[in-house]
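In: Starting from these lines, generate the structure:
(chains A, B, C and D)
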There are 2 protein chains.
Amino acid sequence: MNEKTSRDALAVAGRTSPTLEDLASAAGVSRSTASRAINGGSKVSPEAQAAVDAAIVALGYTPNRAARSLVTRRTGSVALVIPEPDARVMMDPYFAAVITGVNEALRDTDLQLVLLMSRAGDDSARTIRYLRGGHVDGAIVVSHHRADDWVETLGATGLPTVFIGRPWDTASGIPYVDLDNFEGGRLAARHLAGIGRTRLGSIAGPTDMTAAVDRLDGWLQGLREAGLQPGPVIHGDFTTAGGADAAKSLMDGTPGLDGVFAASDLMALGVVDTMRAAGRRVPEDVAVVGFDNHDIQAANGLGLTTVAHPMVDMAATAGRLLARAIEEPGIALESVIYPADLVVRGSTAS
Amino acid sequence: MNEKTSRDALAVAGRTSPTLEDLASAAGVSRSTASRAINGGSKVSPEAQAAVDAAIVALGYTPNRAARSLVTRRTGSVALVIPEPDARVMMDPYFAAVITGVNEALRDTDLQLVLLMSRAGDDSARTIRYLRGGHVDGAIVVSHHRADDWVETLGATGLPTVFIGRPWDTASGIPYVDLDNFEGGRLAARHLAGIGRTRLGSIAGPTDMTAAVDRLDGWLQGLREAGLQPGPVIHGDFTTAGGADAAKSLMDGTPGLDGVFAASDLMALGVVDTMRAAGRRVPEDVAVVGFDNHDIQAANGLGLTTVAHPMVDMAATAGRLLARAIEEPGIALESVIYPADLVVRGSTAS
DNA sequence: GGGTTTCACGGGAGCGCTCCCACGCGGGAG
DNA sequence: CTCCCGCGTGGGAGCGCTCCCGTGAAACCC
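Out: Next comes the predicted model:
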């Protein structure tokens, strides 16, 4: 008895936190009743409930998550998997938005967010081991490049999973949250055509991302519907610098260019700067449409016409979907596609 | 026996992962020996070690973290506490850098990063409860505003903690990682004075952040040393828009202004744009020094002279410090102050 | 009224792991 | 040869919790 006490004291460096047993005896009930009172007190008398509640406050009791996990086989945490976390990628405001949104959704639950960033290769194997190891109750995967094999891997584990951004392989039926990128591209084309622009070029995103491909497909479809030529397409990397480079190519290759659709606002910003530097007026000579409705769109003093992409909301939706999948195991989740919405501003005025 | 098996199977939805006991019997050793082999095999014969290693691979064994935590009282995860997580703050590349850096450091350990974002008020109480509840082995706190009471709170829990950015209250002795912000401000002043600028203004950061205050103090000290007048000081919010606004005030208030120190690159960018829009040439009429050496500094085609602020490295250092504090409990950690370094570019040419 | 159901509660078992301790066995010292 | 020490090993206990089941008392039905 004495030994036990001293060992305990030593193990936690002098202060041991109260256990459920302590709580129960302080409240004058049994361990079982205390447990019931804590976990949504059905079958608990009001008096017992009150006594336990009081004791919780008095003792500053916090359940031991490890002990609880051990028996419930639930960890109370979910993973946010971000492939390829080099600094450049992390700087992308996209991830900030994702983290913000997911966190927002999880705030209402008692789930905690564990960040899992994994590079390609070995590290990815490590991440997968972690996910399979039952350390988390579910995962949100920021779908990115075609090469990722997360879909099949996670599908095989049976771990509740939600993708942000449509994964390449949707056959597995894993739910995802995405924007209607196709429609977004189509809206851009229709808008530019609608204001009378006819010689249109596009700066698309990387071909290994579904969002980029969908936006481009929608764009081309929109042009077709408007009876316009497809026009030149250059693939950029979603960055401002990439957009600037692509804009130069576009100008060189297409003299009478009067409208550009860039698949991200950052690229659109590069386009505007480049055009202006080359003496073209925006929107008079060249109208520019971006994508994302990023805060930075107003950076050059000109409002940027763009397709809204409520990333924080979308990430929050993903978080809620996952929370539900964890709450009700076996439930079939529906993917959520946000409708695309064009925000018209100065860069395509008149 | 039958009941037990079926319950287990049900609990994990048809597939139960192997336990240490399974591992041991597969390897032909006892549970104890298997455990020893896994956790750094002292007192384990080479044969036993090999047998266990082989069985791990064969069974795809992963230790149950909950069970381990229960007895070791270590959770294998650390918290990254980010106060005030509204979207605007998260968009700050600073946090992206912090996350990247911390993750980088933790990659070498088997610690996982749990993200804890807490708003002021109730939420902060919840976060503190979480930290006190023994759910993590340590915490990294992104020190931000004066109002935060993390220092005292965490100091009281005895939880290993490292701050990123010097906290207001250093009396508690909690270690932190920071840049020598004072010296950074001083370098800016000396540099501008050195290239012959004499009518200098500054755009400082919020007064409730140590970094902002230190940079300003250093700046003023540098001016004094150079025998220059202190000049006007305007407090901005570290954003580009804030920098632009402040620049207007500076111009209005100080006609002959020929040099500006902005306490962040984003603000410096706003300054440059505003100056140019007002017809002032940079650097000829007005030289501008920023702070952070942010990637975006080249955005307007002009290289920005700035004080380097290796945020990713610093965050990684914080991560390593924390890992060490967890590894060797009771060890006294030293704070790490990165020296300030001025990067001279076009915005202060000649 | 007896029998049955309902309800709140308490005790026991066990989740998978680590740690302590006891055990056997070989080799060096006396 | 005996004693002892150290090394590798195995079993037992227990970490704090949840869940199952048994118990007694109150409430209900016919």
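In: Ramachandran coordinates for the nearest residue to A:Q221 once chain neighbours are set aside?
Out: Sequence neighbours aside, A:R186 is the residue nearest to A:Q221 in space, at 5.5 Å (criterion: Cβ to Cβ, 6 or more residues apart in numbering or on different chains). C-beta: built from backbone N, CA, C; applies to glycine. Backbone dihedrals for A:R186, given as degrees, to the nearest 10, come out at phi -70, psi -40.
In: how many other residues sit next to A:R186?
Out: Around A:R186 sit 26 other residues, with neighbours defined as other Cβ atoms under 10 Å in any protein chain shown.
In: hang on, it packs against A:L216?
Out: No. Contact criterion Cβ atoms under 8 Å: A:R186 and A:L216 do not qualify, at 10.6 Å.
In: pLDDT weak spots in the stretch 1-150 of chain A?
Out: Confidence mapping of the stretch 1-150 of chain A against pLDDT under 70 gives the ranges A:1-16, A:41, A:84-91, A:119-123, A:144, A:146-148.
In: closest point of the stretch 201-350 of chain A to chain B, which residue?
Out: Distances from the stretch 201-350 of chain A to chain B, computed as Cβ to the nearest Cβ, single out A:V312 as the nearest residue at 5.7 Å.
In: which residues does A:A79 form a beta bridge with?
Out: In this structure, A:A79 has beta-bridge partners A:V114, A:A139, where bridges are defined by DSSP bridges.
In: Nearest residue to the middle of chain A?
Out: To find the centre residue of chain A, average its C-alpha atoms and take the closest one (Cα atoms, centre = their mean): that gives A:V98, at 3.6 Å.
In: Please, where are all the helices along the stretch 1-150 of chain A?
Out: A:2-11, A:20-27, A:31-38, A:46-59, A:65-72, A:87-91, A:93-106, A:122-132, A:150-157 (DSSP state H, counting those that start in this stretch).
In: re the thing from before, could you report the distance from the residue of the stretch 201-350 of chain A closest to chain B to A:H294?
Out: Plainly put, A:V312 is 12 Å away from A:H294 if you go by Cβ to Cβ, to the nearest Å.
In: Could you do A:E225 as well?
Out: For A:E225, the distance to A:H294 - Cβ to Cβ - is 27 Å.
In: before we move on, the earlier item: can you report how many residues lie near the closest residue to the residue nearest to the centre of chain A other than its chain neighbours?
Out: Distances taken as Cβ to Cβ, 6+ apart put A:A315 closest to A:V98, at 4.4 Å, once the chain neighbours are dropped. A count of neighbours around A:A315, defined by other Cβ under 10 Å, yields 27.
In: where's A:A315, which helix or strand?
Out: Element membership for A:A315, per DSSP states H and E: helix A:311-327.
In: contacting residues around that helix?
Out: When contacts are taken as Cβ atoms under 8 Å, 6 or more residues apart in numbering or on different chains, the neighbours of helix A:311-327 outside the stretch itself are A:74, A:78, A:94, A:97-106, A:108-109, A:111, A:137-140, A:160-164, A:175-179, A:292, A:331, A:333, A:336, A:338, B:87.
In: what angle sits between that helix and helix A:93-106?
Out: Orientation note: helix A:311-327 sits at an angle of 40 degrees relative to helix A:93-106 (axes from the mean of the first three to the mean of the last three Cα atoms, to 10 degrees).
In: buried stuff in helix A:311-327?
Out: Buried positions in helix A:311-327, judged by neighbour count with 16 or more other Cβ atoms under 10 Å in any protein chain shown: A:311-312, A:314-323, A:325-326.
In: Any part of it near DNA strand D?
Out: No. Residues of helix A:311-327 contacting DNA strand D under Cβ under 7 Å from any atom of the strand: none, with a closest distance of 13.4 Å.
In: now stretch A:133-141
Out: No. Applying Cβ under 7 Å from any atom of the strand, one finds that stretch A:133-141 is not in contact with DNA strand D, the shortest distance being 13.8 Å.
In: still on that earlier bit, could you dump the helix holding A:A315 to CSV, C-alpha only?
Out: Coordinates of the C-alpha atoms in helix A:311-327 are reproduced here as CSV (Å, rounded to 0.1, in the frame of the first residue of the first chain):
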residue,chain,number,x,y,z
MET,A,311,-12.3,26.8,-48.7
VAL,A,312,-12.8,27.3,-45.1
ASP,A,313,-16.5,26.3,-45.3
MET,A,314,-15.7,23.3,-47.4
ALA,A,315,-13.1,22.1,-45.0
ALA,A,316,-15.5,22.6,-42.2
THR,A,317,-18.0,20.5,-44.1
ALA,A,318,-15.4,17.8,-44.5
GLY,A,319,-14.8,17.9,-40.7
ARG,A,320,-18.5,17.6,-40.0
LEU,A,321,-18.9,14.7,-42.4
LEU,A,322,-16.0,12.9,-40.8
ALA,A,323,-17.4,13.5,-37.3
ARG,A,324,-20.7,12.0,-38.4
ALA,A,325,-19.0,9.0,-39.9
ILE,A,326,-17.2,8.4,-36.6
GLU,A,327,-20.4,9.0,-34.6
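In: what's whichever helix or strand comes after it in contact with?
Out: Following the chain from helix A:311-327 toward its C-terminal end, the next helix or strand by DSSP H and E is strand A:336-338. Applying Cβ under 8 Å, 6+ apart, the external contacts of strand A:336-338 come out as A:P175, A:Y176, A:V177, A:D178, A:L179, A:D180, A:P310, A:D313, A:M314, A:T317, A:L321.
In: helix or strand right after strand A:336-338?
Out: Scanning the chain past strand A:336-338 towards its C-terminal end, the next helix or strand to appear is strand A:341-343 (assignment: DSSP H and E).
In: could you say what helices and strands that following strand packs with?
Out: Secondary-structure packing of strand A:341-343 (3 or more Cβ pairs under 8 Å, 6 or more residues apart in numbering or on different chains; DSSP states H and E): helix A:181-194, strand A:305-308.
In: To DNA strand C, which of these lies closest?
Out: For DNA strand C, the closest of these is helix A:181-194, at 43.5 Å, according to Cβ to the nearest atom of the strand.
In: CA atoms only for the helix or strand where A:A246 lies - export them in PDB, please.
Out: Using DSSP H and E, the element containing A:A246 is helix A:240-253. Written as PDB, here are the backbone C-alpha positions of helix A:240-253 (Å, rounded to 0.1, in the frame of the first residue of the first chain):
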ATOM      1  CA  THR A 240       1.900  34.300 -59.000                       C
ATOM      2  CA  ALA A 241       5.200  33.800 -60.600                       C
ATOM      3  CA  GLY A 242       3.900  30.900 -62.600                       C
ATOM      4  CA  GLY A 243       1.000  33.100 -63.700                       C
ATOM      5  CA  ALA A 244       3.300  35.900 -64.800                       C
ATOM      6  CA  ASP A 245       5.400  33.500 -66.900                       C
ATOM      7  CA  ALA A 246       2.400  31.900 -68.500                       C
ATOM      8  CA  ALA A 247       1.000  35.400 -69.300                       C
ATOM      9  CA  LYS A 248       4.100  36.300 -71.200                       C
ATOM     10  CA  SER A 249       3.800  33.100 -73.300                       C
ATOM     11  CA  LEU A 250       0.100  33.900 -74.000                       C
ATOM     12  CA  MET A 251       0.900  37.400 -75.100                       C
ATOM     13  CA  ASP A 252       3.700  36.300 -77.400                       C
ATOM     14  CA  GLY A 253       1.600  33.500 -78.900                       C
END
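In: ok, residues contacting that helix?
Out: Under the criterion Cβ under 8 Å, 6+ apart, external residues in contact with helix A:240-253 comprise A:201, A:203, A:232, A:234-236, A:257, A:260, A:262, A:264, A:266-271, A:273-275, A:278, A:280, B:299.
In: And for stretch A:294-307?
Out: With contacts defined as Cβ under 8 Å, 6+ apart, stretch A:294-307 is touched by A:93, A:184-185, A:187-188, A:191, A:264-266, A:268-269, A:272-273, A:282, A:287-293, A:340-348, B:91, B:240.
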